[in-house]
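Colleague: 3D model of this:
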Amino acid sequence: MAELLNIEGTPKTPVIKFDPITGKLDLKGRSIPENSIEFYKPLIDSLELFSTAPTKEMSVNIHLEYFNTSSSKCILDVFKKLEYIHKGGNSSVLINWHYEQDDEDMLEAGEDYQAIIAVPFKMVEVEE
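Modeller: Okay, here's the model as predicted:
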């Protein structure tokens, strides 16, 4: 069984909180780590474990201010794991993509992921 994952945020890395008991995943902050693959590995490993016995519902909240190109690939890998969990039929996954009111880039990034991944996406506009 996957364990609680709690990674503190830094100026270069987002907060990651994943609770496999409630099926809640939060990703918040800036994502410009030195090594994105290494940074996101614990989350991807946790989701892999979680996929063997997922909760009935999974709520994913993404609230990123900014992410670099290497992070975008890792975020896609996270979404692919979520898609695998969702398609498995045992868990209904919802991704809430939060973006600031006037942040067109973050809205477009969310829409790009939404077009690629077969998981329900909800665009959530937040005031700054």
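Colleague: Who are the contact partners of residue 74?
Modeller: 36, 37, 39, 40, 44 (CB atoms under 8 Å, 6 or more residues apart in numbering). Glycine gets a C-beta too; all of them are placed from N, C-alpha and C.
Colleague: which of the residues you listed has the most neighbours?
Modeller: residue 40 (24 neighbours; other CB atoms under 10 Å).
Colleague: Which secondary structure state is assigned to the residue lying closest to that one once chain neighbours are set aside?
Modeller: Nearest non-adjacent residue to residue 40, counting by CB to CB, 6 or more residues apart in numbering: residue 74, 4.0 Å away. Of the three states, residue 74 takes helix under DSSP: H, G, I helix; E, B strand; the rest coil.
Colleague: quick one: residue 48 is in a strand?
Modeller: No - according to three-state DSSP, residue 48 belongs to no strand; its state is helix.
Colleague: Might one say that it is in contact with residue 82?
Modeller: No - using CB atoms under 8 Å, residue 48 is not in contact with residue 82; the gap is 11.3 Å.
Colleague: the more surrounded of those two?
Modeller: Neighbours per residue (other CB under 10 Å) separate residue 48 from residue 82, with residue 82 holding more: 24 against 13.
Colleague: residue contacts, the residue nearest to residue 64 when sequence neighbours are not counted?
Modeller: Counting by CB to CB, 6+ apart, residue 64 lies nearest to residue 31, which is 5.9 Å off, once chain neighbours are set aside. Residues near residue 31 by CB under 8 Å, 6+ apart: 12, 13, 14, 39, 64, 66, 67, 68, 71, 75.
Colleague: List buried members of those by neighbour count.
Modeller: The neighbour count (16 or more other CB atoms under 10 Å) marks 13, 14, 39, 64, 67, 71, 75 as buried among those.
Colleague: who does the host helix or strand of the fourth one pair up with?
Modeller: If I follow you right, that is residue 64. Per DSSP states H and E, residue 64 falls inside strand 57-67. According to DSSP bridges, strand 57-67 forms sheet pairs with strand 24-31 (parallel), strand 92-100 (parallel).
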